[in-house]
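In: quick check, what structure comes out for this input:
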Amino acid sequence: MLSTIPVPAQGHVNIPPDLLFRGFPAQSGNPSLSPLDYDRFKRDGARNKLRVGNFLTFSGSPGIWGPSSTNSAMLAIAEINARGGILGRELELSLYDSGGSIDDVVQRARDAVEFDEVDIIMGSHISAVRVALRKITKGRVPYVYTPVYEGGEQTPGVMAIGEVPRAQTRPAIHWLSEVKKARRWYLIGSDYVWPWQSHRAIKTYITEAGGQVVGEEFVPVGEDNHEAHLARIRAARPDVVLISLIGTDSVTFNRSFGEAGLASTTLRLAGAMDEVVLLGIGADNTENLFCASGYFNCIGSKANDAFMDRYAAMFGAHAPPVGSVGQSNYEGLRFLQAAAERAGSLAVRPLTAAGRNLIYAGARGPVTIRNGRAEMPMYLTEADGLDFRLVKTF
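Out: Residues are numbered from 1 along each chain as shown. Below you'll find the model as predicted:
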């Protein structure tokens, strides 16, 4: 039986009655459950349950992905528990908001580890949060980070399974250079670590492909006035604008881009865009918009078709659309299951060691983790109204 609990700024998400929400702002008529409300959720003393603390974002620019991320995690939990859990332990899911100030999120993580006694930290949030949280989890509990990121994560106990620029963006840049004769590139991204580090690598790929960067800027997270950015882009006359904006920032930028008349003359390539963001942009503003990712829900495969069927069966035909970021939470739990079964343990060191080289099965089909980096087919798509159309598989 499912009940409905309000999620700040994101409408309603269906959750099991015993699912725990931590660290959300209070709402009128709905007192929030703070990490310190321990008496309201006394543990029954049964340590056979595996406590998963999932840090998702329900506010700010990345909050657009909160509902589909929650649903994807819930689906994985239900499936794993139906098959006996992980190493014989039933999974218990607690959700923590990773929005707001970094200091507040760090405190939630500290409370999750020290007081809520979570066994695993998982998350699909911006890299700035990951950089802060790994200081809390290091050597204490395993930390699985699921979405696309900048690469290079080597902190003991942290397992990052998302796409990295070399695999995700490099092939798309070369394809646009060869097929669309793109030479002049303008880079725009949110002002935090993922775009900073990704753009460093992307510049080398543009040079490899015979192109040049004619402009670059980083935009404060939450910025929704893009007139000045568009003026600089128009003046630079790029062939392609590479977009590393996050969540609703990407929505507002791409809307403004289309409304300014740039879409018909200038290509766009986005690296943190999925079906959720595309819906926000709207069909009128998606001309010449390309996206590279390791997952799209339109990709026909036995594994993805089965995943989408189960998602619809659990949450209904009108559930929040699931894209790369949301689906990564499903994959994160499937990865955790595979790593734990290989290690025969959920302790930090053996689990991390097992997670560096393995194959797990998720919505994308088999994914290989080799030396701590995920290897999977990469897809280049072009927006077609409110859908993506597959252009090339790399």
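
In: what score does residue 6 have for pLDDT?
Out: Listed pLDDT for residue 6 reads 34.

In: whoops, residue 43 was the one
Out: Reading off the confidence values, residue 43 has pLDDT 40.

In: do residue 271 as well
Out: 89.

In: ok, now residue 181?
Out: Each residue has a pLDDT score; the one for residue 181 is 98.

In: mind checking how far it is from residue 321?
Out: 33 Å (C-beta to C-beta, to the nearest Å). Yep, even glycine has a C-beta here, placed from its N, CA and C like the rest.

In: more neighbours: these two, which one.
Out: Taking neighbours as other C-beta atoms under 10 Å, residue 181 and residue 321 compare with residue 321 leading, 17 against 9.

In: for the stretch 151-300 of the chain, just list every one of the strands.
Out: In the stretch 151-300 of the chain, the strands defined using DSSP state E, counting those that start in this stretch lie at 158-160, 184-190, 212-219, 240-244, 267-270, 289-293.

In: against which helices or strands is the first one packed?
Out: In terms of contacts (3 or more C-beta pairs under 8 Å, 6 or more residues apart in numbering; DSSP states H and E), strand 158-160 is packed against helix 127-137, strand 143-145, helix 348-355.

In: how many neighbours does the closest residue to residue 277 other than its chain neighbours have?
Out: Closest residue to residue 277 apart from its sequence neighbours, by C-beta to C-beta, 6 or more residues apart in numbering: residue 250 at 5.4 Å. By the criterion of other C-beta under 10 Å, residue 250 has 26 neighbours.

In: test my guess that residue 250 contacts residue 274.
Out: No - at 10.0 Å, residue 250 does not count as touching residue 274 under the criterion of C-beta atoms under 8 Å.

In: now render the strands of the stretch 151-300 of the chain as CSV, adding distance to residue 81 and mean neighbour count.
Out: Compiled in CSV, the strands of the stretch 151-300 of the chain are given as follows (distance: least, C-beta to C-beta, whole Å; neighbours: other C-beta atoms under 10 Å):
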stretch, distance to residue 81, mean neighbour count
strand 158-160, 21, 24
strand 184-190, 36, 24
strand 212-219, 41, 16
strand 240-244, 37, 27
strand 267-270, 36, 24
strand 289-293, 29, 25
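
In: distance to residue 147 for those - can I get that in JSON lines?
Out: Shown next, in JSON lines, are the strands of the stretch 151-300 of the chain (distance: least, C-beta to C-beta, whole Å):
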{"stretch": "strand 158-160", "distance to residue 147": "9"}
{"stretch": "strand 184-190", "distance to residue 147": "14"}
{"stretch": "strand 212-219", "distance to residue 147": "19"}
{"stretch": "strand 240-244", "distance to residue 147": "13"}
{"stretch": "strand 267-270", "distance to residue 147": "14"}
{"stretch": "strand 289-293", "distance to residue 147": "10"}
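
In: before I go, just wanted to say thanks for your time.
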